[in-house]
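Undergrad: Provided below are the primary sequence and the corresponding predicted coordinates.
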There are 2 protein chains.
Amino acid sequence: MNRLTAFGVRLAGAISEKRSAVCVGLDPRWSSLPDTLKVGIDATDRAAMAGAIQCYCQEVIDAVAPVAAVVKPQAAFFEQLGPAGMQVLAKVVAHAQRCDLIVLMDAKRGDIGSTAEGYADAYLGAGSAWGCDALTVNPYLGQDTLEPFVQVADQRHAGLFVLVKTSNPGSGFLQDQPSEDGRKIYEVVADHVQDLACQAAGEVAYGNVGAVVGATYPEQLAELRQRMPNVWILIPGFGAQGGTAADVRHGFDAHGSGALVNSSRGIIFAYQQPRYAHLDWKTAVAQAAADMRSELADAIAGD
Amino acid sequence: MNRLTAFGVRLAGAISEKRSAVCVGLDPRWSSLPDTLKVGIDATDRAAMAGAIQCYCQEVIDAVAPVAAVVKPQAAFFEQLGPAGMQVLAKVVAHAQRCDLIVLMDAKRGDIGSTAEGYADAYLGAGSAWGCDALTVNPYLGQDTLEPFVQVADQRHAGLFVLVKTSNPGSGFLQDQPSEDGRKIYEVVADHVQDLACQAAGEVAYGNVGAVVGATYPEQLAELRQRMPNVWILIPGFGAQGGTAADVRHGFDAHGSGALVNSSRGIIFAYQQPRYAHLDWKTAVAQAAADMRSELADAIAGD
């Protein structure tokens, strides 16, 4: 994959080539890992745990690479293992890119001025410390704190996904509040993200700037698809959190484009589900990812 | 320092013992480091850069330990150096604690459910991977996403500082919007943080839960002090960002308690200021921290 191509073009290419809007969330919770990987490891030995998590993530990546466009490592589960976990995170990113997957780091970073620049510099683009293709960012601190991320993303052909409406039950606490002019807070963020996307998009329909909108809020997803016509939508909350293929199709445009659907537990821990219990864990993961791709394709085609 | 004592008690003890509400922000921007530490280091060699940053941070910690209660490492500048930077971050945290300083990790984390639990488990308390005394957290995702942080903080005698009103010029973008019942978004967050603090506080005036309120908004600081009577306030934006001792005194209660004032650049890069240019860099750092302590003490006493 040529990492000098604009992120939006690269992502569209990956989705088209794989015929897949599947994003696989890499959330390696220790307690959920296959027992075979945990044998003989003391759960206080973070270096050994990190080694097992590396092995697990790399096997998951190999299993899903044929049918997924993107993988999304969840930074928290690597940070939880301290420096050893962070070393493994870098190796997992590199492994996914060797497998020709786009890597979206789910770190939900956000800070002011030069600190935001520090985070952007850390994660975005080939040659950065973590070398990711894209990063999730939190808008609570204000629009000025998104600028450094946008600038670095543009310079490095990388992408951003700004949290707009998150999938958790309490996301309305702040996000659904009405603003001064009657728009809800998530709509204020959405309109700003659309502006950023237009500035950066250039000649393509979808550029470097995306938004996160939970599958668990299908009405808002439909509204936000209209409201942000040039914004990639990353849709978490599919599967284990309750979002269905029928729910997420609202996130796609009339051409069946413009969205990525994430599943974490539903794929990477598929071996815990009765539906896949007859398979070995890697086959279960591969099968769950393939099934998700089919479900999404059917839902989009059904429009 | 006994890390089995509740965070609020420990923080109050440190402030009282040092007669200081000074929090020193460790933001080791490579470009601002003293030249002597950078000699011979190639700015693409992240391991060597991380080594220099470790040395720098440890020297800063030694210089400020007599007059500061808390140090606040800014995670972004360590993440920027990749895994090598994260190893150094762990060493810097341990060094500060050996110097009897409270370590507040400024990472502004926030995520849903078990991911929030992962971040809390990563950073909070003795025995955690990073072993910090407290962590800054972002409330945009909703009140349910703060719960895991509060629970882990309570279990581990650690502290939390929730972003309420940040110091940057654009913080009003979302934070100043009016909510459904007329309260501003930052007030909605503040009231919730006060509730969390009361649940967790037990028998002390200030418990494990704090808020971040920028020195650059002195009116809001005064209002928020009244609104959150049991909440520690961390006040960034002092010095380089424009906040003065007169501004920040609004964050303290009638007894001159309940707040911590952070300065980063103003102290750690004091050698770049004309006022301290005649001193070697370490003496400049020590002097700037001592001066800030005096300025704060005078402002609080002047109430």
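TA: Received it, and whenever you're ready, just let me know what you need. Numbering: from 1, shown residues only, chains lettered A, B, ... in the order given.

Undergrad: how many neighbours does residue A:40 have?
TA: Residue A:40: 6 surrounding residues under other Cβ atoms under 10 Å in any protein chain shown. To be clear about C-beta, it is placed using only N, CA and C from the backbone, and glycine gets the same treatment.

Undergrad: so how far is residue A:52 from it?
TA: Computed as Cβ to Cβ, to the nearest Å, the residue A:40 to residue A:52 distance reads 10 Å.

Undergrad: what residue lies at the spatial centre of chain A?
TA: Residue closest to the mean C-alpha point of chain A, counted by Cα atoms, centre = their mean, is residue A:72 at 4.4 Å.

Undergrad: what helix or strand is that residue on?
TA: Assigned by DSSP states H and E, residue A:72 belongs to strand A:70-73.

Undergrad: just how off-centre is that strand within its chain?
TA: 5 Å (Cα atoms, centre = their mean, to the nearest Å).

Undergrad: name the helices or strands packed onto the helix or strand following that strand?
TA: For strand A:70-73, the succeeding helix or strand toward the C-terminus, using DSSP H and E, is helix A:75-79. Here helix A:75-79 touches helix A:46-64, helix A:82-98, strand A:102-109, helix B:113-123, going by 3 or more Cβ pairs under 8 Å, 6 or more residues apart in numbering or on different chains; DSSP states H and E.

Undergrad: try it again at 7 Å.
TA: Judged by 3 or more Cβ pairs under 7 Å, 6 or more residues apart in numbering or on different chains; DSSP states H and E, the packing partners of helix A:75-79 are helix A:82-98, strand A:102-109, helix B:113-123.

Undergrad: for the first one, list the C-alpha coordinates in PDB.
TA: So the one you mean is helix A:82-98. C-alpha atoms of helix A:82-98 as PDB (Å, rounded to 0.1, in the frame of the first residue of the first chain):
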ATOM      1  CA  GLY A  82       2.900  -0.700  30.700                       C
ATOM      2  CA  PRO A  83       6.000  -0.200  28.500                       C
ATOM      3  CA  ALA A  84       6.000  -3.900  27.500                       C
ATOM      4  CA  GLY A  85       2.500  -3.400  26.200                       C
ATOM      5  CA  MET A  86       3.500  -0.300  24.200                       C
ATOM      6  CA  GLN A  87       6.400  -2.100  22.600                       C
ATOM      7  CA  VAL A  88       3.900  -4.800  21.500                       C
ATOM      8  CA  LEU A  89       1.500  -2.200  20.200                       C
ATOM      9  CA  ALA A  90       4.200  -0.900  17.800                       C
ATOM     10  CA  LYS A  91       4.800  -4.500  16.600                       C
ATOM     11  CA  VAL A  92       1.100  -5.100  16.100                       C
ATOM     12  CA  VAL A  93       0.700  -2.000  14.000                       C
ATOM     13  CA  ALA A  94       3.700  -2.900  11.900                       C
ATOM     14  CA  HIS A  95       2.400  -6.500  11.400                       C
ATOM     15  CA  ALA A  96      -1.000  -5.300  10.300                       C
ATOM     16  CA  GLN A  97       0.600  -2.900   7.800                       C
ATOM     17  CA  ARG A  98       2.700  -5.700   6.400                       C
END
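
Undergrad: give the rounded mean pLDDT of it.
TA: On average, the pLDDT along helix A:82-98 is 98.

Undergrad: got the angle for it vs strand A:102-109?
TA: 150 degrees (axes from the mean of the first three to the mean of the last three Cα atoms, to 10 degrees).

Undergrad: quick check, distance from helix A:82-98 to the centre of its chain.
TA: The chain centre lies 16 Å from the centre of helix A:82-98; the measure is Cα atoms, centre = their mean.

Undergrad: identify each buried residue in that helix, please.
TA: Residues of helix A:82-98 classed as buried: A:82-90, A:92-93, A:95-97 (neighbour count, 16 or more other Cβ atoms under 10 Å in any protein chain shown).

Undergrad: ok, stretch A:170-179 next?
TA: A:170, A:171, A:172, A:173, A:174, A:175, A:176, A:177, A:179.

Undergrad: in the stretch 201-303 of chain A, where is pLDDT below threshold?
TA: Applying pLDDT under 70 to the stretch 201-303 of chain A flags the ranges A:201-204, A:303.

Undergrad: would you map the helices across it?
TA: Along the stretch 201-303 of chain A, the stretches classed as helices by DSSP state H, counting those that start in this stretch are A:218-227, A:245-248, A:265-268, A:281-301.

Undergrad: most tightly surrounded among these?
TA: Neighbour counts (mean count of other Cβ atoms under 10 Å in any protein chain shown) averaged over each of the helices of the stretch 201-303 of chain A peak at helix A:265-268, with a mean of 24.

Undergrad: just confirm yes or no for that helix near chain B.
TA: No. Helix A:265-268 is not in contact with chain B by Cβ under 7 Å from any Cβ of the partner chain; minimum separation 9.2 Å.

Undergrad: any low-confidence regions in the stretch 1-150 of chain A?
TA: For the stretch 1-150 of chain A, residues meeting the criterion pLDDT under 70 lie at A:1.

Undergrad: and it, which of its residues are near chain B?
TA: Contact residues, the stretch 1-150 of chain A versus chain B (Cβ under 7 Å from any Cβ): A:29, A:46, A:74, A:76-77, A:79-83, A:86-87, A:90, A:108, A:110-115, A:118-119, A:121-122, A:129-130, A:138-145.

Undergrad: ok, now which ones touch the residue nearest to residue A:37 when sequence neighbours are not counted?
TA: Leaving aside its chain neighbours, residue A:37 sits nearest to residue A:52 (4.7 Å; criterion: Cβ to Cβ, 6 or more residues apart in numbering or on different chains). Neighbouring residues of residue A:52 by Cβ atoms under 7 Å, 6 or more residues apart in numbering or on different chains: A:33, A:37, A:38, A:41.

Undergrad: would you mind checking those residues for buried ones?
TA: Using 16+ other Cβ under 10 Å as the burial test, these include A:33, A:37, A:38 as buried.

Undergrad: between those, which is nearest chain B?
TA: Among those, residue A:33 lies closest to chain B (Cβ to the nearest Cβ), at 13.9 Å.

Undergrad: ok, residue A:263 to chain B distance?
TA: Distance of residue A:263 to chain B, given as Cβ to the nearest Cβ, to the nearest Å: 14 Å.

Undergrad: ok, that residue - contacts?
TA: By Cβ under 7 Å, 6+ apart, the residues touching residue A:263 are A:24, A:25, A:238, A:239, A:292.

Undergrad: if anything else comes up later, I'll come back, but that's it for now.
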